[in-house]
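1. how does the following fold in three dimensions:
(one chain, ligands or ions: 1)
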Amino acid sequence: MSEYRRVKGTRDLLPPETAVWAAVEATARRVFALYGYGEVRTPVLEHTELFVRSVGESSDIVGKEMYTFDDRKGRSVTLRPENTASVARAFLEAGMQAGPLPAKLFYIGPQFRYERPQKGRYRQFHQIGAELLGDASPQADAELLLMLDRFLRELGFRELEVLLNTVGDAESRRAYGEALRTFLAPHREQLGPDSQRRLETNPLRILDTKDPAERELLAGAPALADHLTDAARAHFATVRALLDRFGVKYRVSERLVRGLDYYTDTVFEIVSKDLGAQDAVCGGGRYDELVADLGGPRIPGIGFAIGEDRLIDVLPASFRAHATARPPVLVVPVGGLAVDEAVALGEELRTAGVPSEVETAGRALRKALERASKLGVRWAALVGQSELERAVVQLKDLAKGEQHEVPRAALPMYLESRVEAEAAEKE
Ligand code: HAM
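-> Below you'll find the predicted structure:
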C-alpha cells in the first residue's frame, strides 16, 4: 500500500457510489428547475471576514471549525464552511439586488469544517442547497419547503421528519433574549464557557446546548413562543397553514434554534431515524438581516442546505439500485471469433441506444460469464463464427439461465420489449 493517505475526515468517492451521487444531483437539478431556480457556483475560498460577519462569532463554526489560513500576502482566507454567506456575497457583488427579485439560486458542492470526524460527519462534506433572496412572504417559506419535500419524495423518501420553529423577527428576539438573560443570570456559574459567552453575544443559541445539566436548567426557562410579536406569530401561522394544506408533514420543535447566527423567523431541520448521532440531513431558515449585515440593502432571504453525504447514507434502496444499474448487455466472442467482431456488435448496440460492454480481455466463456454475473449484467450476447455469418446472436439471460437465438438487427428491439414486459410484471 502507498504511504500516501487521504486527509483525515475526507473521502474518495468511487463507482458505483459516484453514480448514486450523480443521480441525486440530477434529481435536484430537475426539481429545482421546476421552481425556477438557477445554479450558482461560488469559490471554495473566501475572505475569512465574510463568515465571521454572517455565520457569526457565537457559532461553533466560526469559533472553532473553520479551515482558516493566511495566503502568501498575509490575507486571512477560509475554505467555505457553508454556502449561504457566499451566495449573499455573490448576489451583492453581481448587483442582483437591482432585480428582478426574488433571485432563486441553488448550489451543489463541497464545504469544509474542522470537526471531529465520525459516522456522518466529515471535514470535507457536500451540500445541496437553495437560497431565495428578495421575498419576505410566508408563502415564499412554504414554497421553498414544498420544493424540498418534492425533491426528497422523488428520491423515494417517505419517513423523514421536518422539525419546524420560528426564532421570531428582530424585535421578538430582542425581547426573548432579555427574558432569557434575566432568567439565566442567577445561574451563570452553572453554565459552561460556551453558554456563558453566548449569554452576552446571542442568548438564543444557548437553547441549542447538548449539555444535560444546562438542558435541565433550561426546562424552566421562559419560552420563545411567548415573546413573539404579532407579525412573527402571524408569519409562522401562515407557513404552517400552507404546509398543512399541501400535506407536508412537520413537527413544531420549540427548542430548534439552529447553530448559525443569521436566522430570523422560520427555521427548520430534517432528521432521519436511520442516522446515528449526526441525524440532521438538512437545515435551513429565513435570514432577513444577512444581506444588510454584509453591507447591502435590507433584502430578506430564506434557504436550506442538505448534507449530501448523510442524505446518500440513508437513501432508499430503490433509488440506489436504479442509479447503479450496469449496462445490461455483455458481448462475448466465442469459439475463437475475432474480438474485433464483438467490438463491432457492441458499437452497433450502443448506436441503437443499448448500453453494453464487450469482453475484450479474451477470457474463456465460463470465466466471462462468471464475471458478468458478479457485475450484475443481465444478458450475455454470444457471437461465434456461425452467428456472425447468419447475422444472429445467442442471447443468454443470466438471471433466468435461458438462451435464445435472436436476429442481430432485432436485438435492440427484443431487449427493449423484455425490459418493458418485466417492468409491467413487477407492477
Ligand atoms: P447547517 O445546519 O450548518 O446549515 O448544515 C446543513 C447540513 O449540512 C446539515 O444538516 C448536515 O446534513 C450537513 N453537514 C453539516 N456539517 C457536516 C459535516 N461536518 N459532515 C457532514 N455533513 C454535514 C447550513 O450550512 C446553512 N447554510 C443552511 C442554510 C441555507 N440556511 C439558510 N440557507
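
2. report the closest residue of this structure relative to the ligand.
-> When distances are taken as CB to the nearest ligand atom, the chain reaches nearest to the ligand at residue 307, 2.1 Å away. From N, CA and C alone the C-beta is placed, and that goes for glycine too.

3. give me the neighbour count for that residue.
-> 24 (other CB atoms under 10 Å).

4. near the ligand, which residues of the stretch 51-200 of the chain are found?
-> 82, 83, 84, 113, 115, 121, 122, 125, 127, 129, 131 (CB under 6 Å from any ligand atom).

5. which residue, other than its chain neighbours, is closest to residue 152?
-> residue 160 (6.0 Å; CB to CB, 6 or more residues apart in numbering).

6. got the contact list for that neighbour?
-> Going by CB atoms under 8 Å, 6 or more residues apart in numbering, residue 160 touches 152, 270, 271, 272, 281.

7. check what pLDDT it gets.
-> Residue 160 is assigned 90 on the pLDDT scale.

8. state the mean pLDDT of whichever strand or helix holds residue 26.
-> Using DSSP states H and E, residue 26 sits in helix 17-34. For helix 17-34, mean pLDDT rounds to 98.

9. need the contact partners of that helix.
-> Against helix 17-34 from outside (CB under 8 Å, 6+ apart): 13, 39, 106, 108, 128, 130, 147, 150-151, 154-155, 308, 311-312, 315, 319-320, 322-324.

10. which of those residues fall within strands?
-> 39, 106, 108, 128, 130 (DSSP state E).

11. hmm, which two among those are most spread apart?
-> Maximum pairwise distance among those (CB to CB): 10.9 Å, between 39 and 128.

12. neighbour count winner among the two?
-> residue 128 (24 against 12).

13. what's across from the more buried one in the sheet?
-> Residue 128 has these beta-bridge partners by DSSP bridges: residue 108, residue 306.

14. count of neighbours near the closest residue to residue 168 other than its chain neighbours?
-> Leaving aside its chain neighbours, residue 168 sits nearest to residue 232 (4.3 Å; criterion: CB to CB, 6+ apart). Residue 232 has 23 neighbours, counted by other CB under 10 Å.

15. ok, now residue 233?
-> Quick note: residue 233 (other CB under 10 Å) scores 15 neighbours.

16. again, but for the one 5 residues further on
-> Here the count is done by other CB under 10 Å, and residue 238 has 15 residues near it.

17. just the pLDDT for it.
-> Looking at residue 238, the pLDDT reads 98.

18. ditto for residue 273
-> 88.

19. what's the answer for residue 257, then?
-> Listed pLDDT for residue 257 reads 88.

20. just to revisit the earlier point, buried residues in the helix holding residue 26, which are they?
-> Buried residues in helix 17-34, counting neighbours by 16 or more other CB atoms under 10 Å, are found at 19, 20, 21, 23, 24, 27, 28, 31, 32.

21. low pLDDT regions in the chain?
-> By pLDDT under 70, the chain has no low-scoring segment.

22. per-domain residue ranges of it.
-> Domains of the chain are assigned by automatic domain parsing as 17-169+229-319, 326-426.

23. which of those is buried the deepest?
-> Ranked by mean neighbour count, the domains of the chain are led by domain 17-169+229-319 with a mean of 18 (mean count of other CB atoms under 10 Å).

24. and it, how far apart are its ends?
-> 12 Å (CA to CA, to the nearest Å).

25. ditto for stretch 60-75
-> OK, stretch 60-75 end separation, CA to CA: 22 Å.

26. list the contacts of it.
-> 47-48, 51-52, 55-57, 76-79, 81-82, 112-115, 123, 194, 259-260.

27. now intersect those with the helices, please.
-> 48, 51, 52, 194 (DSSP state H).

28. show me what contacts the last one?
-> By CB under 8 Å, 6+ apart, the residues touching residue 194 are 60, 63, 209.

29. in helices, which of those residues fall?
-> Those of the contacts of residue 194 lying in helices (DSSP H): residue 60.

30. looks like residue 102 contacts residue 140 (just checking).
-> Yes - between residue 102 and residue 140 there is a contact at 7.0 Å, judged by CB atoms under 8 Å.

31. center of this protein, which residue is that?
-> Central residue of the chain (CA atoms, centre = their mean): residue 308, 3.2 Å from the mean position.

32. report the spatially closest residue to that residue, excluding sequence-adjacent ones.
-> Per CB to CB, 6+ apart, closest to residue 308 is residue 126, 4.0 Å.

33. same thing with residue 391?
-> Nearest residue to residue 391, sequence neighbours excluded (CB to CB, 6+ apart): residue 408, at 4.7 Å.

34. residue 280 now?
-> residue 269 (5.1 Å).

35. residue 365 contacts residue 332, doesn't it?
-> Yes - Residue 365 is in contact with residue 332 according to CB under 8 Å; the separation is 6.4 Å.

36. shared neighbours of those two, anything?
-> residue 382.

37. for residue 382, helix, strand, or coil?
-> At residue 382, secondary structure determined by DSSP: H, G, I helix; E, B strand; the rest coil is strand.

38. that one and residue 330 touch, don't they?
-> No - the criterion here is CB under 8 Å, and residue 382 misses it with residue 330 at 9.5 Å.

39. tell me the contacts of residue 360?
-> 339, 342, 343.

40. from residue 368, how far off is the first one?
-> Here residue 339 is placed at a distance of 12 Å from residue 368 (CB to CB, to the nearest Å).

41. swap in the last one?
-> Using CB to CB, we find residue 343 at a distance of 14 Å from residue 368.

42. residue 308 too?
-> Taking CB to CB, one finds residue 308 at 37 Å from residue 368.

43. thought residue 197 was touching residue 58?
-> Yes - taking contacts as CB under 8 Å, residue 197 lies within contact range of residue 58: 6.9 Å.

44. alright, I will stop here.
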